[in-house]
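K.L.:
Sequence unavailable; structure follows:
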């Protein structure tokens, strides 16, 4: 099963996160299937590949709670029809 979740990037006290599609059984920083976005919590910057996220969700990918909240802030959840 594929999940959309956050992958840490950056250094201590300056973390940024990449939103990635990854196998649910893999480690947090394991091998990534596809990178679909970027999130910087310090500046609240969000960059998303809407088309890739839509395709992955329609093909059965699940979202973690944190990614779901980020997509909600970007107002994409209304446009994606998935079960949470």
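P.N.:
Sure, I can see it. Remember, it's a predicted structure, so these values are computed and weren't measured experimentally.
K.L.:
Where do the helices of the protein begin and end?
P.N.:
50-58, 65-73 (DSSP state H).
K.L.:
Reformat the ones you listed as a markdown table; add mean neighbour count.
P.N.:
Using the backbone N, CA and C atoms, a C-beta is placed for each residue, glycine as well. Listed next are the helices of the chain as a markdown table, based on neighbours: other C-beta atoms under 10 Å:
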| stretch | mean neighbour count |
| --- | --- |
| helix 50-58 | 16 |
| helix 65-73 | 16 |
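K.L.:
Would you convert the ones you listed into a markdown table that also reports distance to residue 30 and mean pLDDT?
P.N.:
As requested, the helices of the chain are exported to a markdown table (distance: least, C-beta to C-beta, whole Å; pLDDT from 0 to 100):
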| stretch | distance to residue 30 | mean pLDDT |
| --- | --- | --- |
| helix 50-58 | 17 | 91 |
| helix 65-73 | 16 | 91 |
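K.L.:
Which stretch among these approaches residue 41 most closely?
P.N.:
helix 65-73 (9.6 Å; C-beta to C-beta).
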